[in-house]
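Novice: could you work out the structure for the sequence below:
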Amino acid sequence: MNVLLIGANGQLGSDLVQALSQHELLLAVQPGSTRCDRPGSRVIELDVSEPEQVRAVVDEFRPALIVNTAAFHRVDDIERDAWSALQVNAWAAQQMALICREADIAMLYVSTDYVFDGSKRAPYIESDLPNPLSAYGASKLAGELLIRAAWHKHYIIRTCGLYGLAGSMGKGGNFVNTMLRLGRESEQTGKPVRVVYDQICTPTFTQDLAAQIAVLIETGRYGIYHATSDGQCSWYEFTREIFQLAGVCAEPIPITSAELNLPARRPPYSVLRNQALQELGIDHMRDWHEALADYLRQAGALRV
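Specialist: Predicted structure coming up:
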């Protein structure tokens, strides 16, 4: 089928280009951003905050599905000024859903574990009541609700802690790469690597998520889905595993979220259970240990 992939040069988008390679893809990137290249696919610039641009592309390409990975996700910046996040994560998503309704095509929207407040202290399922603690989480929840109100042919994917081989353009690198860099610097300087231990989640390899999305869109079963790696860990535990697998001779120092003192509040527990995928019999997400080892191997950072 024809698929319009928005954010095709991003961390998740780059893996989706490969995962959706059996489809006819139109790759859309933010104006002025790094281009992406896939033989046989068109690449265009598209500003998702300009609905008329989106409508023109839909009218020309006539996709059966729009996969929207575009997001404003500088979590702490958003806490100071939520307007840009609301414009991209909520309003633009709603406008896209309305365009999909006009054209009778499906839409996929990538959301976040940050829609929950972490008070449950057990893995969240799709039917649990959201209650975001941050402006970022609120903007993504607003996007979810507006899409659901606008058009029923939607897939809403909640995921967590993404890291991928393409890195994260909006954050200057992903968590794994940042910890590897800090760990290597610590080996040379002795400067401690401080990581929070009181935020429990499930970091997720974008390659696995992209493959899972490719399976889901073949079902035609619309709705909200959780899609993260299996298991759970704190960011401190995740960092220890990164260092061990990569042979980094540094020991991370556990600290509290209060010590880090960031502007945006994070949920203390935001593990997601992939219940809806499991009920369909298509939950292919690996355990986070296995996914991390595979990522480090592909990145050339796995200790032999």
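
Novice: please enumerate the helices of the stretch 1-150 of the chain.
Specialist: Ranges of helices within the stretch 1-150 of the chain are 11-19, 51-61, 75-80, 83-85, 92-103, 135-150, based on DSSP state H, counting those that start in this stretch.

Novice: mind giving me the packing neighbours of the shortest one?
Specialist: Translated: helix 83-85. Where contact means 3 or more CB pairs under 8 Å, 6 or more residues apart in numbering; DSSP states H and E, helix 83-85 is packed against helix 135-150. Placement of C-beta: from N, CA and C, glycine included.

Novice: and the helix it packs on, how far out from the chain middle?
Specialist: The chain centroid and the centroid of helix 135-150 are separated by 15 Å, computed with CA atoms, centre = their mean, to the nearest Å.

Novice: just the CA atoms of stretch 269-277, as CSV, please.
Specialist: Output of stretch 269-277 as CSV, limited to C-alpha atoms (Å, rounded to 0.1, in the frame of the first residue of the first chain):
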residue,chain,number,x,y,z
TYR,A,269,6.9,4.3,37.1
SER,A,270,5.9,4.2,33.5
VAL,A,271,6.3,0.6,32.4
LEU,A,272,3.8,-0.3,29.7
ARG,A,273,2.3,-3.7,29.1
ASN,A,274,1.6,-4.6,25.5
GLN,A,275,-1.8,-6.1,26.3
ALA,A,276,-3.6,-5.1,23.1
LEU,A,277,-0.8,-6.6,20.9
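
Novice: follow-up on the earlier one: including mean neighbour count, mean pLDDT and distance to residue 67, could the helices of the stretch 1-150 of the chain go into JSON lines?
Specialist: Shown next, in JSON lines, are the helices of the stretch 1-150 of the chain (neighbours: other CB atoms under 10 Å; pLDDT from 0 to 100; distance: least, CB to CB, whole Å):
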{"stretch": "helix 11-19", "mean neighbour count": "22", "mean pLDDT": "96", "distance to residue 67": "6"}
{"stretch": "helix 51-61", "mean neighbour count": "15", "mean pLDDT": "97", "distance to residue 67": "13"}
{"stretch": "helix 75-80", "mean neighbour count": "16", "mean pLDDT": "95", "distance to residue 67": "23"}
{"stretch": "helix 83-85", "mean neighbour count": "17", "mean pLDDT": "94", "distance to residue 67": "20"}
{"stretch": "helix 92-103", "mean neighbour count": "21", "mean pLDDT": "98", "distance to residue 67": "11"}
{"stretch": "helix 135-150", "mean neighbour count": "22", "mean pLDDT": "98", "distance to residue 67": "13"}
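
Novice: where does pLDDT dip in the protein?
Specialist: Applying pLDDT under 70 to the chain picks out residues 33-40, 168-172, 304.

Novice: quick one: the strands in it?
Specialist: 2-6, 24-29, 42-45, 65-68, 106-112, 154-159, 162-163, 194-196, 200-201, 204-205, 223-226, 233-234, 253-255 (DSSP state E).

Novice: tell me which of the ones you listed sits most buried.
Specialist: Each of these was scored by mean neighbour count; the highest is strand 204-205, a mean of 27, by mean count of other CB atoms under 10 Å.

Novice: who does that one touch, helix- and strand-wise?
Specialist: Using 3+ CB pairs under 8 Å, 6+ apart as the contact definition, the elements that strand 204-205 packs against are strand 162-163, helix 288-298.

Novice: ok, it: who's next to it in the sheet?
Specialist: Strand pairing for strand 204-205, using DSSP bridges, gives strand 162-163 (parallel).

Novice: what does the strand it pairs with contact?
Specialist: Contacts to strand 162-163, defined as CB atoms under 8 Å, 6 or more residues apart in numbering, come from residues 11-12, 168, 174-177, 203-206, 209, 295.

Novice: sorry, back to before: out of the strands of the chain, which gets nearest to residue 263?
Specialist: Residue 263 lies closest to strand 194-196 among the strands of the chain, at 14.7 Å (CB to CB).

Novice: mind listing residues that contact that closest one?
Specialist: With CB under 8 Å, 6+ apart, strand 194-196 has contacts from 179, 234-236, 239, 252-257, 259-260.

Novice: residue 126 and residue 276 touch, don't they?
Specialist: Yes. Contact criterion CB atoms under 8 Å: residue 126 and residue 276 qualify, at 5.1 Å.

Novice: need the residues touching each of these two.
Specialist: What both residue 126 and residue 276 touch, as defined by CB under 8 Å, 6+ apart, is the set 223-226.

Novice: make JSON lines from those residues and add distance to residue 85 to it.
Specialist: Shown next, in JSON lines, are the shared contacts of residue 126 and residue 276 (distance: CB to CB, whole Å):
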{"residue": "223", "distance to residue 85": "24"}
{"residue": "224", "distance to residue 85": "20"}
{"residue": "225", "distance to residue 85": "22"}
{"residue": "226", "distance to residue 85": "22"}
